[in-house]
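Q: Next one to model:
(one chain, ligands or ions: 1)
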Amino acid sequence: MRVVQIGTGGWGKNHARILSQLDVLVAICDADKQRCKEFGEKYSVNQYDSIDSLLSSEDFDAAVICTPTSTHAKIATQLIQAKKHVFVEKPMTYLSEEGEDLMKLAERNKVLLTCGYIERFNPAVGIVKDFVKSRKYGELVMLEFHRENRMPLHIKDVGIIYDTSVHDIDTAMWLFDDTPEVIFARAGKIRHEHEDFASIMLGFKDNKVAIISSNWITPTRVRTFNAVCTDAIISSDFITQEVKIETNNDTEIPRNEKKEPLLLELQTFLGAIEGKNELLVKAQHAVNVTKIAEAALLSSQKGTPIYLDLK
Ligand SMILES: NC(=O)c1ccc[n+]([C@@H]2O[C@H](COP(=O)([O-])OP(=O)(O)OC[C@H]3O[C@@H](n4cnc5c(N)ncnc54)[C@H](O)[C@@H]3O)[C@@H](O)[C@H]2O)c1
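A: Residues are numbered from 1 along each chain as shown. The predicted model follows:
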């Protein structure tokens, strides 16, 4: 397997590290010549400063795109047209129509297209997903997410909904195993060019709900969620990966081995290319997340709920 890492910024450098560990990294591509050289030399692989030069000179099977959101659609289109399997960081595209086009293009070219909704690979989410599936603590009724951080200065092209809330939008759909019928949001901006705080409510059938609270104002890094089930409340932290279950009579802390979600995510991508895995994030799910992010922005601008009919 020959994999190329495109974009070696704040997050892409982690992908490069893991791809190199897994012994599949064959080249680095970054528009920033200095980064390109630094990571190419660090991992002793070929270096390219443009997608065109990469495609004309390197022989490879798959690529991980970790560039700013606004560039995803164009880069992914070029790669899929060249029949490469593609992993695109979240959100898959800036516009949901671009995501739908990519999905069709990938189907026509018979290549895999997936997106970096990494929390599905977080062991803390995995354990809650298993409880929900087995109904060990009854039915999942409500989800609450908090994702708070100091403002990331380098993110210029999108606000907090596209950058941050999308993780929780995907996790909510993953845990409920459903798509929401209605979206209502309040968002605003204090310091960023785009929105830097948002509260989003996703309404699922039977009055089930996910409340997503994100902001770039809190000086500390908070990433927590609660799952309210009919027989227990499960609370968890995406960072520590700890899970706590409170029932009427007891508090339980299940043993859960801490693992690096990015490693699990990339292993799943590589396994899927080899035809092994079924747990790849489907492109349709990534398109749904973008549609919900679009609806959340629209809802916050109009002050009304937005009803969606998602696939
Ligand atoms: N899954 C996660 O938890 C997670 C975390 C952080 C960021 N991300 C996502 O990763 C992506 C990148 O974020 P980041 O924080 O690393 O950004 P960044 O700005 O730190 O890095 C982007 C890199 O892409 C390069 N680049 C830009 N345009 C390019 C092009 N046309 N061709 C080749 N290289 C190009 C830049 O030179 C830079 O090195 C975003 O989509 C972001 O949403 C995901």
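Q: Run through the residues that contact the closest residue to C229 other than its chain neighbours.
A: In space, C229 comes closest to Y137 once its chain neighbours are excluded; the distance is 4.1 Å by Cβ to Cβ, 6 or more residues apart in numbering. All C-beta spots, glycine's among them, are computed from the backbone N, C-alpha and C. Going by Cβ atoms under 8 Å, 6 or more residues apart in numbering, Y137 touches F131, C229, T230, D231, A232, I234, I245, T247.
Q: Of these, which is the most crowded?
A: Most neighbours among the contacts of Y137, by other Cβ atoms under 10 Å: I234, with 25 neighbours.
Q: A strand includes that residue, no?
A: Yes - assessed by DSSP: H, G, I helix; E, B strand; the rest coil, I234 belongs to a strand.
Q: ok, now which ones touch the residue positioned nearest the centre of the chain?
A: With distances taken as Cα atoms, centre = their mean, Y117 lies nearest the centre of the chain, 2.3 Å away. Taking Cβ under 8 Å, 6+ apart, we find Y117 in contact with K90, V166, H167, D170, T171, W174, V281, H285, A286, V289.
Q: Can you name the element that comes right after the helix or strand hosting the fifth one?
A: With elements delineated by DSSP states H and E, T171 resides in helix 166-176, which encompasses its position. Proceeding N to C from helix 166-176, the next assigned helix or strand is strand 182-188, under DSSP H and E.
Q: what about that following strand, distance to the chain center?
A: From the chain centre to the centre of strand 182-188 is a distance of 20 Å (Cα atoms, centre = their mean, to the nearest Å).
Q: try stretch 273-281
A: For stretch 273-281, the distance to the chain centre is 17 Å (Cα atoms, centre = their mean).
Q: The helix holding T171 vs strand 182-188, what angle?
A: Going by axes from the mean of the first three to the mean of the last three Cα atoms, to 10 degrees, helix 166-176 is angled at 160 degrees with respect to strand 182-188.
Q: between the contacts of Y137, which is closest to the ligand?
A: Set against the ligand, the nearest of those by Cβ to the nearest ligand atom is I234 (22.1 Å).
Q: so that closest one bridges to which residues?
A: A227, I245 (DSSP bridges).
Q: need the contact list for it.
A: Residues in contact with I234 (Cβ under 8 Å, 6+ apart) are V128, F131, Y137, N226, A227, V243, K244, I245, E246.
Q: ok, so of those residues, who is nearest the ligand?
A: Taking Cβ to the nearest ligand atom as the measure, the ligand lies nearest V128 of those, at 18.3 Å.
Q: Assign the residue of the chain found nearest the ligand to helix, strand or coil.
A: Closest contact between the chain and the ligand, by Cβ to the nearest ligand atom, is at G9 (1.8 Å). Following three-state DSSP, the label given to G9 is coil.
Q: unless I'm mixing things up, it is touching I155, no?
A: No - counting by Cβ atoms under 8 Å, G9 stays clear of I155, with 10.3 Å between them.
Q: Neighbour count: those two, which is higher?
A: I155 (19 against 13).
Q: Max pairwise distance over the contacts of Y137: which two?
A: T230 and I245 (13.1 Å; Cβ to Cβ).
Q: Can you give me the neighbour number for G99?
A: Neighbour tally, G99, other Cβ under 10 Å: 27.
Q: Contacts for stretch 45-64, please.
A: Taking Cβ under 8 Å, 6+ apart as the rule, stretch 45-64 contacts 1-6, 12, 15, 19-20, 25-33, 36-37, 39-41, 75, 78-79, 82, 84-87, 89, 112, 266, 269-270, 273.
Q: same deal with stretch 17-32?
A: 1-9, 12, 16, 36, 39-40, 43, 45-51, 54, 58-60, 63-64, 67, 260, 262-263, 266-267, 270.
Q: how about the residues of this protein near the ligand?
A: Contacts of the chain with the ligand, taken as Cβ under 6 Å from any ligand atom, map to 6-12, 29-32, 35, 51, 66-69, 71, 75, 89-90, 116, 118, 154, 163.
Q: Any of the residues you listed buried? List them.
A: For the residues of the chain next to the ligand, a burial check counting by 16 or more other Cβ atoms under 10 Å picks out 6-8, 12, 29-30, 35, 51, 66-67, 69, 71, 75, 89-90, 116, 118, 163.
Q: Mark out where each domain of this structure begins and ends.
A: Following automatic domain parsing, one gets these domains for the chain: 3-116, 119-258+281-307.
Q: would you list the ones you listed in a markdown table and tack on mean pLDDT?
A: Listed next are the domains of the chain as a markdown table, based on pLDDT from 0 to 100:
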| stretch | mean pLDDT |
| --- | --- |
| domain 3-116 | 98 |
| domain 119-258+281-307 | 96 |
